[in-house]
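Novice: fold the following for me, if possible:
(chains A, B, C and D)
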There are 2 protein chains.
Amino acid sequence: MKKILLVEDDPNLGLLLQDYLQLKGKFDVVLCKDGDEGLRAFTKQNYDLLILDVMMPKKDGFTLGKEIRKINSYVPIIFATAKGMIEDKMQAFNLGGDDYITKPFRIEELLLRINALLKRTENSEKKEEEKQSHFKVGKYEFDYTGQIISIDGTHQKLSTKEAELLRLLCLRKNEVLTREEALLNIWHDDNYFNGRSMDVFLSKIRKYLKDDPNVEIINVHGRGYKLLIN
Amino acid sequence: MKKILLVEDDPNLGLLLQDYLQLKGKFDVVLCKDGDEGLRAFTKQNYDLLILDVMMPKKDGFTLGKEIRKINSYVPIIFATAKGMIEDKMQAFNLGGDDYITKPFRIEELLLRINALLKRTENSEKKEEEKQSHFKVGKYEFDYTGQIISIDGTHQKLSTKEAELLRLLCLRKNEVLTREEALLNIWHDDNYFNGRSMDVFLSKIRKYLKDDPNVEIINVHGRGYKLLIN
DNA sequence: AACGCCATTTAACAATATTTAACAATTTTA
DNA sequence: TAAAATTGTTAAATATTGTTAAATGGCGTT
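Specialist: Predicted coordinates:
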């Protein structure tokens, strides 16, 4: 679950937001009532996103944001600022803060901005895993981008669909790759005919892989396939 | 000067915004009064940022945004949406659109969001790439502006379309360049015949590139092409 | 306007990739 | 164990892409 640090001095608004975001947004929300408390909380653990009220008595949200940025330069921040405080908004963006929201705001809008920001930062990290393009399959080398598998010195070109299917199998090697997942991923529709089409490609891939007895694609009846590599 | 494309069906608001942004923001603002006009304007030249009204009679802003995203995946977009249209906002973010603003808005807020977005995208890599004119393609050197590829000492002139297509392939090297994207970018219309025309150019480009075995353009069936460079 | 030159499009046919169909083999269900 | 459902395999049908050549269109020159 995503962790959010909310720093808001108004306890009414703070608690309301905390509840709403926990219930509706399924976030783990820590609420702090001033900047110092917020900074301490931030140093204690990692958060996925921060929501900082700008107008706070002891330490304002921008100051807090600047302090936090010294510690962590990437965590996304949403500043909540009063309407018409244009200069403040300026500051927010100059700080490298990722978004702001004008008070009073609709709570759904906040939720949307949160999700948008999280999404933006998420797939800057996440994509790396899925981006793998080169796989070892027993004695085979499989280059997904180049759509080629090689064994010893010989190469075999793969068609696009063959390569995509083999890639998914590799990503789930020794685990079940669900028929549904494969179909939705590659064909974007898991109807009967696409399923039969996939069976044809599986048959072809098995042929390509027959030269290493330690590599095998087994069927998990009713569920999908496993690429076994010994 | 930064170029902004503003698509807004209400002429009063549209002209007001145009004037304000030109005067105060020092932007070069092109105003279109509906989605079709907007799309045409977009294909004619490059813009640094788009402001799309969501509620428009003929073609709504989201639809337009989606169409534009097919041609250009990085240009920042601000959607202007009516207050409370939460679902629409959702769509905006799911689309990869970079920001939205709720109508009615204060014009200074729009200006702020514009500057923030421009700043964010200014030093993004992708934009730099789009300006790039000189590419290394294996042993080849490709000069897009000069429409020439060279290998060893020999030069080969390229036609305009050949150069444009090769440029797109270079920008997406080792990734898929969608047929649709290429067609919309170069031909501004992805009908069947333009597609066949493109196939002819691809064939020609492959011939030009045949002298380096580490360079290859492979087809991704039903989607597009990948320029592979080892 | 008429000509040649070149870029681009269209047409025609070839080669591949994918889907569908047909039938066999296997696994589950009853 | 028989029937039903799922999967395996091969071949035919369809769709997409590759290649070459001919037709078209733009543009400068005469």
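Novice: show me the contacts for the residue of chain A positioned farthest from its centre.
Specialist: Here the centre of chain A is the reference, and by Cα atoms, centre = their mean the most remote residue is residue A:153, at 38.1 Å. If you count contacts by Cβ atoms under 8 Å, 6 or more residues apart in numbering or on different chains, residue A:153 has none. The C-beta positions use only the backbone N, C-alpha and C, and glycine is treated the same way.
Novice: next one, pLDDT for it please.
Specialist: We have a pLDDT of 88 for residue A:153.
Novice: residue A:86 now?
Specialist: In this model, residue A:86 is scored at 51, pLDDT.
Novice: next one: residue A:146
Specialist: Residue A:146 is assigned 94 on the pLDDT scale.
Novice: what's around it, how many residues?
Specialist: Look at residue A:146: counted by other Cβ atoms under 10 Å in any protein chain shown, it has 20 neighbours.
Novice: helix/strand/coil for residue A:80?
Specialist: State at residue A:80, reduced to three classes by DSSP: H, G, I helix; E, B strand; the rest coil: strand.
Novice: any idea how far residue B:78 is from it?
Specialist: Distance, residue A:80 to residue B:78, by Cβ to Cβ, to the nearest Å: 20 Å.
Novice: what do you get for residue A:117?
Specialist: Counting by Cβ to Cβ, the separation of residue A:117 from residue B:78 is 16 Å.
Novice: torsion angles phi and psi at residue A:191?
Specialist: Backbone torsions of residue A:191, given as degrees, to the nearest 10, read phi -90, psi 180.
Novice: for it, give its distance to residue A:223.
Specialist: Distance, residue A:191 to residue A:223, using Cβ to Cβ: 18 Å.
Novice: neighbouring contacts of the host helix or strand of residue A:202?
Specialist: Taking DSSP states H and E as the definition, residue A:202 sits inside helix A:192-208. Residues from elsewhere that reach helix A:192-208 (Cβ under 8 Å, 6+ apart): A:149, A:156, A:158, A:161-162, A:165-166, A:169, A:179, A:182-183, A:186-187, A:217, A:225.
Novice: which one (most neighbours) among these?
Specialist: residue A:166 (26 neighbours).
Novice: helix, strand or coil for that one?
Specialist: Per three-state DSSP, residue A:166 ends up helix.
Novice: so it touches residue A:142, yeah?
Specialist: Yes. Counting by Cβ atoms under 8 Å, residue A:166 touches residue A:142, with 6.1 Å between them.
Novice: got any residues that touch both of those two?
Specialist: Joint contacts of residue A:166 and residue A:142 (Cβ under 8 Å, 6+ apart) are residue A:149.
Novice: okay, and the beta partners of the residue lying closest to residue A:17 once chain neighbours are set aside?
Specialist: Nearest non-adjacent residue to residue A:17, counting by Cβ to Cβ, 6 or more residues apart in numbering or on different chains: residue A:6, 6.0 Å away. When bridges are called by DSSP bridges, residue A:6 pairs up with residue A:31, residue A:51.
Novice: contact partners for residue A:6?
Specialist: A:14, A:17, A:18, A:21, A:29, A:30, A:31, A:32, A:50, A:51.
Novice: and these, which is closest to chain B?
Specialist: Among those, residue A:21 lies closest to chain B (Cβ to the nearest Cβ), at 15.7 Å.
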